[in-house]
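A.B. asks: sequence and predicted model, in that order:
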Amino acid sequence: MALPPGRDAVSVPGLDDAVNPQLTRAAGEVGAWIEYLLRPEDNDGPRVYRSRFDEGDNPFPRRNEDLDSKSHEFETVSILADYANDPDALLRPVQAIAGLRHDVIGATYDKLLDGYFTWSTNDTDPGPEAIDDKTLRYFEMNSARMDWAQMRTGWVGAEANAAYMYEKGFIRFQLVNENCLYIIAEHLARYSAIFDKAGRDLLELMDAFTTECANYEPTGGGDLALDVMSIVVDVIIGATVTVLTGGIGTTAKELLKGAASTALSNGMHQAAAEKKEKHLTLDKHYDLRDTTRQYLERVEAIEREVADAVNGLAGSLRRLVAQKRELREYETDTVGGPKSTKLPHPADFMPK
């Protein structure tokens, strides 16, 4: 932990230790430094001595008694004076990214994996009865088609053909619908992966920032406080996702986090291939104010990245579901009548 002397981490609204323990811890430390640095008169920490005559600023890592005694020449100014009217600006991007509840979203994810008619959770060969469309993820797992065929035993002529065409259309309709749910599950995993990755990057930045605050010396230059290879999170939109289904004792939260981790891992490989990697940096500066400005620039950039990625994810979901829905098309007449993508009704297939 990198806390100011004699200070505890503060409580940051919007962050919950039970939901985001590491982000909550790091944000609490940043908040403690904000309170500490805004009141140099109450501590011996970093501050700026501003000349009352030539307007020159002199950053210091700690209180200087000699300059304090010359209050007619120097004014003591907070390192964070530029943010005095809105100190929350330094934490607002973190608050915007935090709060993703894997248990809440995971419960929805889990429901999307419960098919009711033509659903399969394995990759075995579906056999010749499956719909001949390689873009469909799930195949028939129960005996509905065979049961219906058995019910038609003894039917002949147009009625038997109409019943067969209706059954075929209905099964196709349901199979495509359940694959649309699979697409939604994939996008929930990508959504979670975007926020998980953003949270990790924010954690790196916050820890680097508080470490610099604790070890600040106005020497300038030196090694980077932080230099981490990361990715632009919008690559996760197109990342391959392995949608996970649960075994005994597997929670919905665990399923979602597992699927999100595959999306993130695949996104990292994709980012390298597409040159969408970035360096997450926080430099050592002569003036701690410059470090603060750079920190804010970096966290705001992550916030914008996430907003753009989520917007792109919403567009991807609409597009892919619309494409899948087109596969529901069937003929509403036994001899080549008009086509439809709506829920099949037996009357649509009765001989005219």
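C.D. replies: On my side now, so go ahead. Numbers count the residues shown, from 1 in each chain.

A.B. asks: all helices for the protein, in order.
C.D. replies: 21-38, 65-68, 92-97, 102-112, 144-151, 157-214, 252-274, 288-325 (DSSP state H).

A.B. asks: packing partners of the lowest-mean-pLDDT helix or strand in the chain?
C.D. replies: Ranked by mean pLDDT, DSSP states H and E, the weakest helix or strand in the chain is strand 330-331, scoring a mean of 74. Packed against strand 330-331 by the contact rule (3 or more CB pairs under 8 Å, 6 or more residues apart in numbering; DSSP states H and E) you find helix 157-214, strand 339-340. Placement of C-beta: from N, CA and C, glycine included.

A.B. asks: kindly compare burial across those and name the winner.
C.D. replies: helix 157-214 (a mean of 21; mean count of other CB atoms under 10 Å).

A.B. asks: what's the closest of the helices of the chain to Pro13?
C.D. replies: helix 92-97 (6.9 Å; CB to CB).

A.B. asks: end-to-end on stretch 95-106?
C.D. replies: 21 Å (CA to CA, to the nearest Å).

A.B. asks: mean confidence for it?
C.D. replies: Stretch 95-106 shows a mean pLDDT of 89.

A.B. asks: can you give the distance of it from its chain's centre?
C.D. replies: On the basis of CA atoms, centre = their mean, to the nearest Å, stretch 95-106 sits 9 Å off its chain's mean C-alpha point.

A.B. asks: residues making contact with it?
C.D. replies: The list of residues contacting stretch 95-106 from outside it, by CB atoms under 8 Å, 6 or more residues apart in numbering, reads 12-16, 19-20, 23-24, 27, 188, 191-192, 195-196, 198-199, 202, 251-257, 260, 302-303, 306.

A.B. asks: what comes up buried for that stretch?
C.D. replies: Within stretch 95-106, the residues that qualify as buried are 95-98, 100, 102, 105-106, counting by 16 or more other CB atoms under 10 Å.

A.B. asks: for the stretch 251-352 of the chain, give me the ranges with low pLDDT.
C.D. replies: 333-337, 352 (pLDDT under 70).

A.B. asks: ok, the residue nearest to Ala185 when sequence neighbours are not counted - contacts?
C.D. replies: Spatial nearest neighbour of Ala185, chain neighbours left out: Leu112 (4.2 Å); criterion: CB to CB, 6 or more residues apart in numbering. Contacts for Leu112 (CB under 8 Å, 6+ apart) come out as 181-182, 184-185, 188.

A.B. asks: state the distance from Leu112 to Ile171.
C.D. replies: 20 Å (CB to CB, to the nearest Å).

A.B. asks: and for Leu288?
C.D. replies: The gap separating Leu288 from Ile171 is 67 Å, by CB to CB.

A.B. asks: would you mind giving the helices and strands packed on strand 330-331 as TSV with distance to Asp88 added?
C.D. replies: As requested, the helices and strands packed on strand 330-331 are exported to TSV (distance: least, CB to CB, whole Å):
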stretch	distance to Asp88
helix 157-214	15
strand 339-340	54
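
A.B. asks: any idea which of those scores lowest on pLDDT?
C.D. replies: Going by mean pLDDT, the lowest-scoring of those is strand 339-340, which has a mean of 79.

A.B. asks: just give the number of residues close to Gly154.
C.D. replies: Counted with other CB atoms under 10 Å, residues neighbouring Gly154 total 6.

A.B. asks: do the same with Gly28
C.D. replies: If you count neighbours by other CB under 10 Å, Gly28 ends up with 21.

A.B. asks: what's near enough to touch the closest residue to Phe60 other than its chain neighbours?
C.D. replies: Sequence neighbours aside, Arg47 is the residue nearest to Phe60 in space, at 5.7 Å (criterion: CB to CB, 6+ apart). Counting by CB under 8 Å, 6+ apart, Arg47 touches 40, 59-60, 62-63, 76-79.
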